[in-house]
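Prediction below, plus the sequence it came from.
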Amino acid sequence: MQSVYRIPACPQTQFVRFRADPSIPPNLFASGLTPRYPDSFVVDIPNRTAVCPHGKTSCECDRIAESGRQAVYYYFAWSKSDCCGCPLADQCLAKRKPDQRRTLQVGEKHMIVQQRRQLCRSPEYQRRMQRRNGIEGTQSECVRGYGARRCRYRGLARTSLQMQFIGAACNLRRWANRRCWLARRAV
């Protein structure tokens, strides 16, 4: 049986090794999540349990398989007695329906998504992703300003040449903007 805290390796990324320590539960309320969001619940699909932010364990778990979309969902429910005395009930339950209980519906891959989001909140991951912000901005500038999404030519050599010209044009424009900025600042 697969471990609950194992994050499947993604071949396109190298950040799997910086996964958060699974023995320490994430402080979800510090990141702005409220009990309305499924990520504020600790879900354990193999054991068919879910724990609410107040620490109550679900009393029901149903597996729902939609044959038309080939989708699998898990439906967790808590007892009314757990929800009626909870201090987070006003944040967790809808105010329009009296005498209700909390339910939660998550997808089959919810645990993997939950662990990836916890990984994204770690300081090491955010530090390593700072480099990506600059790359994404440059790529967006080339695509939007210079038409790098499409190529005018066929063949790898001509396509490569066009992309090199686009990069050079982008660099020249940045250089000219920098020179103008320095000139205005000197005056």
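That came through, no problem. Numbers count the residues shown, from 1 in each chain.

Under the pLDDT cut-off, which ranges of this protein? List them.
For the chain, the stretches flagged by pLDDT under 70 are 1-36, 94, 96-99.

For the helix ranked longest in it, name the packing helices and strands.
Taking DSSP state H as the criterion, the chain has its longest helix at helix 156-186. Counting contacts by 3 or more Cβ pairs under 8 Å, 6 or more residues apart in numbering; DSSP states H and E, helix 156-186 packs against helix 123-146. Just so you know, the C-beta spots here come from the backbone N, C-alpha and C atoms, and that holds for glycine as well.

Helix or strand for the most centrally placed residue in the chain, just tell me which one.
Closest to where the C-alpha atoms of the chain average out (Cα atoms, centre = their mean) is R117, at 4.9 Å. Assigned by DSSP states H and E, R117 falls within helix 110-120.

any idea how this structure splits into domains?
Split into domains by automatic domain parsing, the chain comes to 15-121, 141-186.

right, so those: which one is the most enclosed?
Most buried of these, by mean neighbour count (mean count of other Cβ atoms under 10 Å): domain 15-121, with a mean of 14.

gap between that one and the chain center?
Mean-position distance between domain 15-121 and its chain equals 16 Å (Cα atoms, centre = their mean, to the nearest Å).

One more: stretch 156-170?
Distance, stretch centre to chain centre, for stretch 156-170: 33 Å (Cα atoms, centre = their mean).

CA atoms only for it, dumped as CSV, please.
Extracted C-alpha coordinates of stretch 156-170, given in CSV (Å, rounded to 0.1, in the frame of the first residue of the first chain):
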residue,chain,number,x,y,z
LEU,A,156,14.1,24.0,-37.2
ALA,A,157,16.9,26.2,-38.5
ARG,A,158,14.6,29.1,-39.6
THR,A,159,12.4,28.8,-36.5
SER,A,160,15.5,29.0,-34.3
LEU,A,161,16.7,32.0,-36.2
GLN,A,162,13.4,33.8,-35.7
MET,A,163,13.4,33.1,-32.0
GLN,A,164,17.0,34.5,-31.8
PHE,A,165,15.9,37.6,-33.6
ILE,A,166,12.9,38.0,-31.2
GLY,A,167,15.3,37.6,-28.2
ALA,A,168,17.7,40.2,-29.7
ALA,A,169,14.8,42.6,-30.3
CYS,A,170,13.6,42.2,-26.8
